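In: Just the structure for this:
(one chain, ligands or ions: 1)
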Amino acid sequence: METLLSNPAQAGAAFMRGGISAVFPGRAPLASLSVPEAAALAPMPYHDPVFSERMLRLHLDTTTDEASRRPELVAAHLDLLAPFLLSSARLEVLHPACGPGLIAEAMVRAGWEVKRYVGVDIGPATVRHARDHAPPGFDYRHGDARDLEQLVPERDFGLAMLTYETLNLFAHADLRELLARVGDMLVDGGIFVAECRGPLAGTIDQRRVHRYPKGSLFADGPHVILDEWATIGSPPTVVVRRMTVLGSSRERPEVYHSVIWSYSIGELSGMFEEAGFDIVDVLAVPEAASDVPDAVGNVFVVGRRRNRPA
Ligand SMILES: C[S@@+](CC[C@H](N)C(=O)[O-])C[C@H]1O[C@@H](n2cnc3c(N)ncnc32)[C@H](O)[C@@H]1O
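Out: This is a model prediction of the structure:
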């Protein structure tokens, strides 16, 4: 055991042969988790200052789509949405889980005449960067989108966006609550665009070993990550990814989980409607192949805020 952990290359080989319990005897295979156990896992530490600095570096790396999409892809997405949004939405924008301001900057580059923009993000470095580069009228709040009501007391937005699969970070109850808040904060006729990962086409139970000679999102310096993915539930409702970091400068291996909730279009339509939206369009997201094996292409779900009773 000691020898295996002090030798990440051997640990990686043992992991590929025998799974996680070959390296950590007694640790349960990921696929054996129940949905409530998956829901109880600590999410990715987006809020953590050190993690957030590393995440910011990844966001700003224009060679990868890992944290934020490349500028040309963001521009293509805005182009796809523009004819629809610009004709029907007041450009007063609410953007929960907005990232470091790259979508907002792309709106300005695309010539959108944004009158008001409020972004919310949980990453401290992310929000600092966004504020440092904010065009006039763009405002960023630091906090959890689940506390949207406290973070953004303003109302009467014309457009709300959940971009780059952030919708799928929220479990059912949290997502219902978030959609209801957004529904309250938009004007009648306001538009809500949410990008959603495609539904899972089957079950996954996979593992890989990644070697990072120069550091990654999860640690500085050379390290190895034992990476596991599994779908949980029957039918599968959540994808859990467990990353065990070996050989970083920390004494004990660190374990991170990414928990991605899967929603069918039917389910989302029901949730949108409950929150006061009519679905007006479902658009395929260009070149947005998800990194979840077996996931079908992503979609933008576009909803319009129903008129409130007079
Ligand atoms: C994949 S990035 C997407 C960023 C941006 N939406 C985009 O389209 O490029 C996910 C973002 O969600 C933020 N995030 C994750 N959970 C959050 C939460 N509960 N509340 C607010 N922001 C959150 C992260 O800090 C990160 O900036």
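
In: Excluding sequence neighbours, find me the nearest residue to whichever residue of the stretch 1-150 of the chain sits closest to the ligand.
Out: Going by CB to the nearest ligand atom, the ligand is nearest to residue 99 of the stretch 1-150 of the chain, at 2.8 Å. Bear in mind the C-beta positions are built from the backbone N, C-alpha and C, glycine included. Computed as CB to CB, 6 or more residues apart in numbering, the closest residue to residue 99 that is not its neighbour in sequence is residue 68, at 5.4 Å.

In: May I ask which helix or strand encompasses residue 14?
Out: helix 8-18 (DSSP states H and E).

In: pLDDT below threshold where in the stretch 51-200 of the chain?
Out: 86, 88-89 (pLDDT under 70).

In: for it, what spans make up the helices?
Out: 71-88, 102-109, 124-132, 148-151, 172-185 (DSSP state H, counting those that start in this stretch).

In: So which elements touch the helix holding residue 14?
Out: helix 2-6, strand 205-212, strand 223-232, strand 238-246 (3 or more CB pairs under 8 Å, 6 or more residues apart in numbering; DSSP states H and E).

In: near the ligand, which residues of the stretch 101-250 of the chain?
Out: Contact residues (CB under 6 Å from any ligand atom) of the stretch 101-250 of the chain with the ligand: 102-103, 120-123, 126, 144-146, 163-164, 166, 169.

In: Residue 92 against residue 112, yeah?
Out: No. Taking contacts as CB atoms under 8 Å, residue 92 lies outside contact range of residue 112: 11.5 Å.

In: list the contacts for residue 46?
Out: Neighbour list for residue 46: 52, 55, 121-123, 126 [criterion: CB atoms under 8 Å, 6 or more residues apart in numbering].

In: From those, which land in strands?
Out: residue 121 (DSSP state E).

In: Nearest to residue 38 among the contacts of residue 46?
Out: Nearest to residue 38 among the contacts of residue 46, counting by CB to CB, is residue 122 at 19.9 Å.

In: Does that closest one touch residue 143 like I think?
Out: Yes. With contact defined as CB under 8 Å, residue 122 reaches residue 143; the gap is 6.5 Å.
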